[in-house]
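1. for reference, the sequence and a predicted model appear below.
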Amino acid sequence: MRQTLLRAASFAVLALASAPANAQDAPAGCASDNAGLSLPRGFCATIFADHIGHARHMAVAPNGVVYVNTWSGRYYGTARPPAGGFIVALQDANGDGRAEIIRRFGETPVGGGAGGTGVALYDGALYAEEGDRILRYSLPKDDIVPNGKPQIVVSGLPLTGDHPMHPFAIDAAGNLFVDSASATNSCQAQNRMRESPGLDPCRELETRAGVWRYDARATGQTFSPAERFATGIRNGEGIAIDGDRIYVTQHGRDQLSENWPKIFTREQGPELPAEELVELKQGADYGWPYCYYDGFLGALVLAPEYGGDGGKTFGVCAQKQGPLASFPAHWAPNDLAIYHGGLFPTSYDGGFFIAFHGSWNRAPFPQGGYNIVFQPMAAGKPNRDFIVFADGFAGRSKDPGAARHRPSGVAVGPDGALYVSDDVGGRIWRIVFHGDVASTGVEPAPTTPQTYARAAEASPPEGVNPDAGKMEGRKLPTPPGVTDAEVAKGERIFNGHAASGNCSGCHGENGKGSPLGPDLTSGKWLWGDGSLDAIRKTIADGVPAPKDYRSPMPPKGGAPLTDADVTAVAAYVWAIGHPAGK
């Protein structure tokens, strides 16, 4: 494992001036430049679609229509999304490898939608993440887009903190596996702050950093801790199912050397921890936040927030579930597809394609990733080292601010073609093979000429939010007749960590306001006099006709809150709206 990571890291940083991908020997029918990509011999790529928005995950129907979920999350700044719905249907009507038909549907920016990451097909319907919900669209037999409104399969998914996306996958029996990623980097008392200790217990784990299971055939399900399937997965963006096996990619945590400089050198931070590929098992614990995977040691080791010393101490991590395979640190595995397409050489059968979005935090070394990796597999386990299958997406510079494209999704079509999405320029590539399927093996893409400038010091793309996921460690005022424990419970419900609450989805993290809901910390009360009874009544009754905002609030915020829950949330809202008990 150590040598695998070292070879991959060396490959990532070498500045070799090789010829562009297959320029002199492109197979017949392929563009000479492979649409800007570097690919192994015999493979070629075309641009299937372009400029469709921040393209995230994809699903390909049996008729070859590619469905893409696009997102307008805060990672993308103020860029205006394309007009129309966030879900895009792409169809190649004449067989030339490019989508001539492009149709959008689903929630729109005008209606307050923001799109999402997750998308899947099951039993004649399209499932898509939109905000805090997973929606189901029935697809007609005579059209590629739905003609009716969607049904809500699951609602109340957490949106706060560092990782608000919800990738998912559906198995043949209709089990819907949903990722609810962590709200913080490592469950510190102060998120991403130097030498801030880890909260223990880490209450985020009640509703975050794991995979939840629901019924894809049912409607009206509400997110809650009860449906948690597995835990300890910080950010499992790639989920794929192969028979009765479920696989998930995990983004390793950030900022070991930045937050713990007395334990880790500046050179260790870019190389630790490894990214992971795990087999998902019910009830399993994969270690976050107490552990991280050291790819050089080949083991889960104790995190510094919980007494770790840089890899010498294992502690509780000896009982956690380790990965099947690991990859260089911070490459960011955003999606996973299992290949059973039949078009590629037989040595690709059953192997995994992983889309690496690319790093932001490998300083002082060059950034890495921004590529598609192939991991050969046999009998559900890796049987040799991974290779970089496709490269060149970023252009001349692998850097989060300068990359022309960043791989975000991978999907296999019914004809065996591999599709790759990009969430910077909104491009979709289609990769096929022209050669001897039986005799050609697995080989890496040629290295492309790039500028490997040393990575600058950078911040997380979601920003550094010291309050993300924080539920303890600060003293709030308590309204008369209410206990501190009730205020703390209300904070957890408000921020999406208990009772399926999700008040922060509209009012922002810790009630500081958003375009959908007012700032509850300002001391300005739009309804009532700011008393505990008035706040409790507003929460219980809802706000059908807002004064200053477009979206109404349903009774109890649409969550299944008990009277005690309502009182707790009201106490928390009172506390943040009455500084120093005023």
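-> That came through, no problem.
2. spit out the contact partners of the most centrally placed residue in the chain.
-> In the chain, the residue lying closest to the centroid (C-alpha atoms, centre = their mean) is Glu237, at 4.0 Å. Each residue near Glu237 by C-beta atoms under 8 Å, 6 or more residues apart in numbering is listed here: Thr117, Met165, Pro167, Asp179, Ala181, Thr249, His251, Pro333, Asn334, Asp335. Glycine gets a C-beta too; all of them are placed from N, C-alpha and C.
3. next one: Ala571
-> Neighbours of Ala571 in contact, by C-beta under 8 Å, 6+ apart: Thr478, Pro479, Val482, Glu486, Val487, Gly490, Leu532.
4. do Leu90 as well
-> Phe48, Ala49, Ile52, Val65, Val66, Tyr67, Val68, Ala99, Ile101, Ile102, Ile428.
5. which positions within the helix or strand containing it qualify as buried?
-> Per DSSP states H and E: Leu90 is located in strand 87-91. For strand 87-91, burial by neighbour count (16 or more other C-beta atoms under 10 Å) applies to Ile87, Val88, Ala89, Leu90, Gln91.
6. mind saving the C-alpha coords of that strand as PDB?
-> The C-alpha trace of strand 87-91 is given here as PDB (Å, rounded to 0.1, in the frame of the first residue of the first chain):
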ATOM      1  CA  ILE A  87     -32.000  18.300 -14.100                       C
ATOM      2  CA  VAL A  88     -30.900  17.900 -17.700                       C
ATOM      3  CA  ALA A  89     -31.900  15.200 -20.100                       C
ATOM      4  CA  LEU A  90     -29.300  14.600 -22.900                       C
ATOM      5  CA  GLN A  91     -30.100  12.500 -26.000                       C
END
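7. report the next helix or strand after that strand in sequence order.
-> Counting by DSSP H and E, the next helix or strand C-terminal to strand 87-91 is strand 101-105.
8. quick one: mean pLDDT for that following strand?
-> For strand 101-105, mean pLDDT rounds to 97.
9. what about Ala564, how many residues nearby?
-> By other C-beta atoms under 10 Å, the residues close to Ala564 number 11.
10. helix/strand/coil for it?
-> Judged by DSSP: H, G, I helix; E, B strand; the rest coil, the three-state class of Ala564 is helix.
11. and what of Asn510?
-> Per three-state DSSP, Asn510 ends up helix.
12. go on, Cys506?
-> Looking at Cys506 with three-state DSSP, the answer is helix.
13. that one and Gly558 touch, don't they?
-> No. In terms of C-beta atoms under 8 Å, Cys506 does not count as a neighbour of Gly558; the distance is 9.9 Å.
14. show me where this structure has helices.
-> Using DSSP state H, the helices assigned to the chain run over residues 2-13, 256-259, 484-494, 504-507, 532-541, 563-577.
15. and the third one, what does it pack onto?
-> Helices and strands touching helix 484-494, by 3 or more C-beta pairs under 8 Å, 6 or more residues apart in numbering; DSSP states H and E, are helix 563-577.
16. which parts of stretch 393-402 are buried?
-> In stretch 393-402, counting by 16+ other C-beta under 10 Å, buried: Phe393, Ala394, Gly395, Ser397, Lys398, Asp399, Pro400.
17. check stretch 376-388 too.
-> For stretch 376-388, by 16+ other C-beta under 10 Å, it's Pro376, Met377, Pro382, Asp385, Phe386, Ile387, Val388.
18. which one of these is nearest Ala363?
-> Proximity of the buried residues of stretch 376-388 to Ala363 (C-beta to C-beta) peaks at Val388, which lies at 21.7 Å.
19. so the closest one bridges to which residues?
-> Val373 (DSSP bridges).
20. hang on, it packs against Pro446?
-> No. Here Val388 lies out of contact with Pro446, judged by C-beta under 8 Å, at a distance of 9.8 Å.
21. averaged over its residues, which helix or strand of this protein has the lowest pLDDT?
-> helix 2-13 (a mean of 41; mean pLDDT, DSSP states H and E).
22. residue ranges in the stretch 51-200 of the chain under the pLDDT threshold?
-> Along the stretch 51-200 of the chain, segments meeting pLDDT under 70 span 74, 77-78.
23. what about the strands in it?
-> In the stretch 51-200 of the chain, the strands defined using DSSP state E, counting those that start in this stretch lie at 54-60, 66-71, 87-91, 101-105, 119-122, 125-130, 133-138, 151-155, 168-170, 175-180.
24. now do the third one against strand 133-138, angle only.
-> What it means is strand 87-91. 40 degrees (axes from the mean of the first three to the mean of the last three C-alpha atoms, to 10 degrees).
25. neighbouring strands - and their directions - for strand 87-91?
-> strand 66-71 (antiparallel), strand 101-105 (antiparallel).
26. tell me how far the closest residue to Leu476 other than its chain neighbours lies from Tyr290.
-> Leaving out its chain neighbours, the residue that sits closest to Leu476 by C-beta to C-beta, 6 or more residues apart in numbering is Ala575, at 4.0 Å. Relative to Tyr290, Ala575 is positioned 30 Å away (C-beta to C-beta, to the nearest Å).
27. with Thr521 instead?
-> From Thr521 to Tyr290 the distance is 32 Å (C-beta to C-beta).
28. between the two, who's got more neighbours?
-> Neighbours per residue, other C-beta under 10 Å: of Thr521 and Tyr290, the larger number sits with Tyr290, 25 against 18.
29. for the more buried one, phi and psi?
-> With angles defined as degrees, to the nearest 10, Tyr290 sits at phi -70, psi -20.
30. any idea how far it is from Ala488?
-> 22 Å.
31. and for Leu561?
-> The value you get for Leu561 to Ala488, if C-beta to C-beta is used, is 16 Å.
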